[in-house]
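Chemist: Give me coordinates for this.
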Amino acid sequence: MGREGGGGAMSEGVVKKVLLSYAYVAIWIFLSFTVIVYNKYILDPKMYNWPFPISLTMVHMSFCSGLGFLLVRGLRVVEPPTSPPMTRDLYVASVVPIGALYAFSLWFANSAYIYLSVSFIQMLKALMPVAVYSIGILFKKDTFKTETLLNMLSISFGVAIAAYGEARFNSWGVMLQLAAVAFEATRLVLIQILLTSKGISLNPITSLYYVSPCCLVFLLLPWCLVELPVLRATSSFHPDLFIFGTNSLCAFALNLAVFLLVGKTSALTMNVAGVVKDWLLITFSWSVIRDTVTAVNLIGYAIAFLGVAYYNHVKLQALKAKEAQKKIAQADEENAQLLEERNGDRKNDSQA
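Modeler: Residues are numbered from 1 along each chain as shown. Sure thing, here's the model as predicted:
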């Protein structure tokens, strides 16, 4: 009877954990979906028609900076990292480069919404593993493997086919999105080099607290040169506070959802969930926004999707192997300690 009760409690715990994981995934997909569609709505000339991606990014960063400062310094909901402490030198050496890359990544990604459909942008984002792997090798954070190279080539081939079949192909928009992917991939690699390797752990609130002001500074110069003169010429425009406020709030909530998803599950789970989100966005773009999605588009993305799925599978197997080795090493260490204790007891007995 006792075993059955224990088994029932264990099964309930497992079910609860699985349901929570699905809830985290659903929240992240919903918020990511909302932010992408909302940004497209604001920036697209055929919708809200406010084609100022730098300004929109600066609105997001200003909102996140203010809210991050309130939560960290005002309400003290979270504490800044103390081991090691975030000194000025560490901030300049580690956070500033990441902030600069994040600023340009967001700028170019938002700019692409003006020229490309939501569905095609999601297809181009499938190149992210290719960019991360290539930059990882460049910075010697990853090792070259022929099998992985072939996998990256298959993803690239699929995206190339999708681009060939794109009905609204715009070369400038494609260049902007590819630049956004390159900057984001570099940022992800530098996070490993500049933060993770130094033992610095930032949650989304402290990340926004440190990174958002930095992004704002790096966006200020291009904003003054590119968008400010145009905004002055269109002084009749009065931004809708509700639209920009809720849009910024969604962007902030998305950062919290990323932390929740990765912290409670894994980064790999987010990658897999991202594939589901991409298919949902493609379907939404075709059925609701009425973007043209061709058969060649879908064939190309299906090839890229299979490549990304295989990439995630290989990463999952590598993580499982690493965890297994870690457990074996812990077991060996425990056995060695136990043997040492037994030898010590025998030695004490012989002396007595």
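
Chemist: Can you tell me the element the most centrally placed residue in the chain falls in?
Modeler: When Cα atoms, centre = their mean is applied to the chain, the residue found nearest the centroid is Val258 (7.0 Å). Taking DSSP states H and E as the definition, one finds Val258 inside helix 241-264.

Chemist: Against Asn312, how distant is the residue nearest to the centre of the chain?
Modeler: For Val258, the distance to Asn312 equals 17 Å [Cβ to Cβ, to the nearest Å]. Quick note: C-beta positions are derived from backbone N, CA and C, even for glycine.

Chemist: next one: Thr148
Modeler: Counting by Cβ to Cβ - Thr148 and Asn312 are separated by 13 Å.

Chemist: mind checking the SS state of Lys140?
Modeler: With DSSP: H, G, I helix; E, B strand; the rest coil as the basis, the three-state label of Lys140 is coil.

Chemist: quick one, phi psi at it?
Modeler: According to degrees, to the nearest 10, the main-chain angles of Lys140 amount to phi 60, psi 30.

Chemist: ditto for Thr82
Modeler: Here Thr82 shows phi and psi, under degrees, to the nearest 10, equal to phi -110, psi -10.

Chemist: Model confidence score at the residue nearest to the centre of the chain, please.
Modeler: Among the per-residue scores, Val258 shows a pLDDT of 79.

Chemist: What number of residues are in the vicinity of Gln229?
Modeler: Actually, residue 229 is Pro rather than Gln. Here the count is done by other Cβ atoms under 10 Å, and Pro229 has 9 residues near it.

Chemist: and what of Leu260?
Modeler: 17.

Chemist: any idea how far it is from Lys40?
Modeler: With the distance defined as Cβ to Cβ, Leu260 ends up 24 Å from Lys40.

Chemist: what do you get for Arg88?
Modeler: Counting by Cβ to Cβ - Arg88 and Lys40 are separated by 39 Å.

Chemist: cool, and Pro222?
Modeler: From Pro222 across to Lys40, the span is 21 Å (Cβ to Cβ).

Chemist: and those two? which has more neighbours close in?
Modeler: Here Pro222 and Lys40 are compared on neighbour count by other Cβ under 10 Å; more neighbours surround Lys40, at 23 against 15.

Chemist: Cross-check the contact I'm expecting between that one and Val118.
Modeler: Yes. Lys40 lies in contact with Val118 (Cβ atoms under 8 Å); the separation is 5.4 Å.
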